[in-house]
Each structure stands twice: as C-alpha cells, then as structure tokens.
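1. 3D, please:
(chains A and B)
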Amino acid sequence: MSGGFERRRGGGAVATFTGFEADLMRSLASQMVELLRNEVAAPRETNDPLEQLLDFSGPTTEPDDPVLARLFPTAYPDDEEAAAEFRRFTEGGLRDTKARSAAMMIDTLEEAGLPTELDEDGLHIDVELDAGAATTWLKSFTDIRLALATRLGVEEGDEDFWLALPDDDARAHVHDIYDWVGYLQETLVLALSR
Amino acid sequence: MPVETVRPEEALVLDRPWATVVWNDPVNLMSYVSFVFESYFGYPRSKAEKLMFEVHEDGKSTVSSGSREEMERDVQAMHEHGLWATMEKAE
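-> The predicted structure follows:
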C-alpha cells in the first residue's frame, strides 16, 4: 500500500501508488465528475451570450441528492430568499470548479502512467504535484470523502460501529476506502504544511 | 425621515455587519480545516488552529467578518474547500 504523500523539493508533494490504488482513485474521481455534471438542477452550459443573459436556470433550491446538498450547503439558513439568490449565483460555478478538480486528478493519474484499462500486476504510479495541483487534490479528496461519508451515514465518534461490521458487509469495504482517502489527505496536508 | 445617530458600539457593527460561520462536521480532518483557514484567510497558524478547535469543540466558529459581499465570497470559498459554512448577521 502507498505510504501516502511526501514533501516535494521546491513545493508540492509526491507519492507512489500501486496500479490498483491509482485505478480506485480514478474511479472515485470519475463518479464525482458524473455526479456534479449530471443532476438536472445544474445550469445549462451555453456559449451564446444572448442565451446566457436570458438563462435563469441556475438552481435556487437545495439539491435533492444528499451528497450534493452537503457539497453545496444553504448559505442563509434563516432566509429562504437570500439562500436562493446565493445558490443561483454560486452553485453553477462551484459545481464546475469541483468537477474540473476531479477531472484533473484523473488526468494526472493517467499522465503518470495509469492505463485506461488496468490489466497488469506490479504497476507503480509516481505522482508529482506542484503546490497548486496539490491544493486542488486536497479539495477533491475532501469532496470524495464527503460523498462517501454521506452515502455511508458517517457520524461523529462512530468508529466502533464501522470496526464491528463483518467483513462481508459492503459498508465495511466502503468505509475502508473512506479511511484510506482520509489517510492520503492527511499525508498531503502534512507534506504541504511543514 | 428621522435622522439616525450612530453610537460608537453600533458603528463597529455597521463596519463589519456580516460574519462567516464554519460548522463542525464528522468528516473533515482537523489538519485540513486549519490548513484551509491558514491558506485561504492568510491567518497565522496559531489563529487557524484556534478557530479549528472552536469548530471542533463548540460545533461552530466565526472565522471572518465584513461586508455582506465579502462574506458571501468567503462562504463560497469555504464551500469550494468542502467546509460547511453559513452567513450570519454580526451580533
């Protein structure tokens, strides 16, 4: 298993992943891109300036999907109108930024040698991130962890519950992945903080 | 229309009438939360960690204050970083 990220000379961070780990990260990032780009509430993308001006389709209500609701929280809990305005002006851009960050993670892994179809054993992927890319990865790790935690129903101080799950419970497996992404994120924060 | 006089303690509030509040969640790592406060707001590490502990221990912390426009920018940035942030009128 990867030892996580280490500080890179000149800023940023480096890490070596097994093919399996890199493939898993790509799969998580792809799901994030799909989730962010697919929900109906996302504003339409258009290059026509007239259509852009006439476009009132920015979302004004909280997304139905609990993961999206956590990624785009209501900014004004006690003021529905202000909350709708805030959402209309921010959610489209935030979705786009988050989707692009996740797509960048995929590109970086593939440029580092992860093949489209992983079919060989013993493959190692060396990832090198400059300071900017490392910050983008931190945000994507966060989005992925928020998504996994929301689907699992992770709560404060519930570690014993997850540890007690039998191995054949799918949730135990997903929670292991959630922990692993958390470990990668922790090492990445450390690599950037020293 | 009556002319309103502004008392000194009110003037302070009028100058920074809005606040960005970050709420505790069971997911975000303590190290990451304080990294965000340090890198986004440019706070010294000691202040970033103090605010992070407030979020963790008290359930929430007021991390910045200013005009409504500035605070909407901060809340949006916190959402971009995956932190659960809301707008609040300063007391």
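
2. low pLDDT regions in chain A?
-> For chain A, applying pLDDT under 70 flags the ranges A:1, A:39-57, A:194.

3. helix/strand/coil for the residue in it that chain B sits nearest to?
-> Here the residue of chain A nearest chain B is A:Thr142; by Cβ to the nearest Cβ that distance is 3.4 Å. All C-beta atoms are positioned from the backbone trio N, CA, C, and that covers glycine. Three-state assignment for A:Thr142 (DSSP: H, G, I helix; E, B strand; the rest coil): helix.

4. name the element the residue nearest to it when sequence neighbours are not counted belongs to?
-> Spatial nearest neighbour of A:Thr142, excluding adjacent residues (Cβ to Cβ, 6 or more residues apart in numbering or on different chains): B:Gly82 at 3.4 Å. Using DSSP states H and E, B:Gly82 falls within no helix or strand.

5. B:Gly82 reaches A:Val67, doesn't it?
-> No. Look at B:Gly82 against A:Val67 with Cβ atoms under 8 Å: they stay out of range, at 11.5 Å.

6. more neighbours: which of the two?
-> Counted by other Cβ atoms under 10 Å in any protein chain shown, B:Gly82 and A:Val67 do not tie: B:Gly82 has more neighbours, with 25 against 20.

7. residue ranges for the helices of chain A, please.
-> Listed in chain order, the helices of chain A (DSSP state H) span A:19-38, A:49-53, A:66-71, A:80-111, A:131-152, A:159-164, A:170-193.

8. out of those, which is closest to B:Arg16?
-> helix A:80-111 (18.2 Å; Cβ to Cβ).

9. so that closest one versus helix A:19-38, what angle?
-> Calculated by axes from the mean of the first three to the mean of the last three Cα atoms, to 10 degrees, helix A:80-111 forms an angle of 150 degrees with helix A:19-38.

10. other SSEs contacting helix A:80-111?
-> Applying 3 or more Cβ pairs under 8 Å, 6 or more residues apart in numbering or on different chains; DSSP states H and E, one finds that helix A:80-111 contacts helix A:19-38, strand A:124-129, helix A:131-152, helix B:68-80.
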